[in-house]
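Participant: Quick one: sequence and predicted model below, then my questions.
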Amino acid sequence: MKRLWLAACFAASAAQAQVTVEKPWVRATAPGAKVGGGYVLIRNAGTAADRLVGASSPAAARVELHTHIREGEVMKMREVRAFDVPARGSFELKPGGAHLMFMELKRPFKEGERVPVTLKFESAGELGAEFHVGRLGGAMAPGAHRR
């Protein structure tokens, strides 16, 4: 029984080491704004798929997983339960697509600041990240250059 428990603990920590994040950022928000959008590239080097099932941040009352869907000629945002991250693959949260929605901001996001976020994965568990605050209305990650 003890060996089984140790094997489960090792497997859980090995799974966590397989999921990494790159380029985490949020858009700066206007004064008085109560919501903000966050983006990140999630990589899974593991042999099993994982799922992003939630997120939290002390900068907001709650953080929801959202995506854009087309209903006729109108694009709408919808909350979703999870995002699949394929084995040996990646999933990108980006403007105009899947993203984190910071709800009831404690204060506006200001360009150049950092926002602590905890990402919650089905298998890998919790992973902390510092999201860089980019330009107000910016459509690309801070430091990225247009070609």
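Facilitator: Alright, I've got the coordinates. These numbers come from a predicted model, not from an experiment.
Participant: What is the neighbour count of the residue nearest to Arg114 when sequence neighbours are not counted?
Facilitator: Spatial nearest neighbour of Arg114, chain neighbours left out: Glu130 (4.5 Å); criterion: Cβ to Cβ, 6 or more residues apart in numbering. C-betas here are computed from N, CA, C, even on glycine. Neighbours of Glu130 under the rule other Cβ atoms under 10 Å: 12.
Participant: I'd like the distance between Glu130 and Pro95.
Facilitator: Noted for Glu130: a distance of 19 Å to Pro95, by Cβ to Cβ, to the nearest Å.
Participant: can you check Val80 too?
Facilitator: The value you get for Val80 to Pro95, if Cβ to Cβ is used, is 17 Å.
Participant: all helices of this protein, in order?
Facilitator: With DSSP state H applied, the chain shows helices at 2-18, listed in chain order.
Participant: Tell me if I'm right that the residue nearest to Arg114 and Thr118 touch.
Facilitator: No. Using Cβ atoms under 8 Å, Glu130 is not in contact with Thr118, being 11.0 Å away.
Participant: residue contacts, the nearest residue to Val40 once chain neighbours are set aside?
Facilitator: Setting aside the residues directly before and after it, Val40 is nearest to Pro24 in space (Cβ to Cβ, 6+ apart), at 4.2 Å. Residues counted as contacts of Pro24 (Cβ atoms under 8 Å, 6 or more residues apart in numbering) are 38-40, 117, 129-132.
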